[in-house]
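1. The following block contains a protein sequence and its predicted model.
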Amino acid sequence: MEEVAGALEHLRHWLEQLSPRLDEPVTPLELLRRQLDELVTLLELLRKRLELLLWSLELLRQVLELLRRSLEHQLRRLEALRQALDELRGRLGE
């Protein structure tokens with residue numbers, strides 16, 4: 001909900017720049033500069049979000065790698081237990 005409100009506020013701000021007030025004359029070049037400034041700001045925010053996403057994905061990759069190692073370790077332990085049980089069954093069957 002906050003993101004929607006923020007997006008609407010940004011849109012309102014951007015529309016105000018597109019239609020400047022009568023008491024504040026703005027040249028087309030100034031209007032273009034303002035729009036480019038807004039675009040640069042949005043691109044910087046996007047870059048920061050992408051960096052955060054990349055960092056999160058790397059952290060997730062590391063967690064998954066630790067989980068894989070842990071599961072492999074547990075699998076080796078279970079295999080050793082299975083072999084021990086098989087040997088014990090063999091001895092009891094003799």
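-> Good, I have the coordinates. No experiment lies behind these values; they were computed from the predicted model shown. Numbering: from 1, shown residues only.
2. separation between Glu3 and Leu50?
-> Using C-beta to C-beta, to the nearest Å, one obtains 16 Å as the distance from Glu3 to Leu50. Where you see a C-beta, it was placed from the backbone N, CA and C, and this is true even at glycine.
3. Show me which of those two is the more surrounded one.
-> Leu50 (10 against 7; other C-beta atoms under 10 Å).
4. Tell me which stretches of the chain form helices.
-> Counting by DSSP state H, the chain has these helices, from start to end: 2-18, 28-93.
5. And these, which one averages the lowest pLDDT?
-> Here the lowest mean pLDDT among these goes to helix 2-18, at a mean of 71.
6. Point to the residue nearest the middle of this protein.
-> The chain has Leu53 as the residue nearest its centroid, 2.7 Å off, counting by C-alpha atoms, centre = their mean.
7. show me the contacts for that residue.
-> With contacts taken as C-beta atoms under 8 Å, 6 or more residues apart in numbering, Leu53 has no neighbouring residues.
8. distance of it from Val4?
-> Using C-beta to C-beta, Leu53 is found at 20 Å from Val4.
9. Same check on Gln74?
-> 45 Å.
10. Also His10?
-> Per C-beta to C-beta, His10 is found 11 Å from Val4.
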